[in-house]
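Asks: What follows is a predicted structure for the sequence shown.
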Amino acid sequence: MKLSNIRIFCGTSHLIYGILTLFHPFYIAEFTRYGFSAMRILIGLVQLICGAGLLYGMGKFKISLISAAILAAMMAGALGTRINIQDSLIQSLPALFYLLLNSYIFIKSLKL
């Protein structure tokens, strides 16, 4: 799969998740379950900004690099949180999946 397609997929996914984090009752409750209710708005805004950065950074690799690094770090934290609260493997897979994808974008962007 081309790097540009992965950027579009991840950028769009993080934009959608950022919006859901800010407004959807399910995700508001999930952040309480994670123990991050006080950080929910900040996390949602960072996801929105970095998701947009992946999309905007298609021709500006430094923006893509920084956005992917931040999102990979966030997904590592999300995976750690899922493990800490003893979520199942199925519940933890999205965090692992996006950690791997954002890490891949970061590494590939370093080489450009």
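Replies: Right, received. Where do you want to start? A quick note: this is a predicted structure, and the numbers were derived from the prediction, not measured. Numbers count the residues shown, from 1 in each chain.
Asks: helix or strand for the spatially most central residue of the chain, which one?
Replies: Among the residues of the chain, the smallest C-alpha distance to the mean C-alpha position (Cα atoms, centre = their mean) belongs to residue 71, namely 4.4 Å. Secondary-structure assignment from DSSP states H and E places residue 71 in helix 61-84.
Asks: now do residue 91
Replies: Taking DSSP H and E as the criterion, residue 91 maps to helix 89-110.
Asks: Compute the inter-axis angle for that helix and helix 61-84.
Replies: For the pair helix 89-110 and helix 61-84, the angle between their directions (axes from the mean of the first three to the mean of the last three Cα atoms, to 10 degrees) equals 160 degrees.
Asks: picking up where we left off before, residues in contact with the residue nearest to the centre of the chain?
Replies: Under the criterion of Cβ atoms under 8 Å, 6 or more residues apart in numbering, the contact list for residue 71 reads 10, 14, 47, 50-51, 54, 98, 102. The C-beta positions use only the backbone N, C-alpha and C, and glycine is treated the same way.
Asks: would TSV of the residues you listed with pLDDT, neighbour count and secondary structure be doable?
Replies: Below are those laid out as TSV (pLDDT from 0 to 100; neighbours: other Cβ atoms under 10 Å; DSSP: H, G, I helix; E, B strand; the rest coil):
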residue	pLDDT	neighbour count	secondary structure
10	97	25	helix
14	98	27	helix
47	97	23	helix
50	97	28	helix
51	97	22	helix
54	96	27	helix
98	98	22	helix
102	98	26	helix
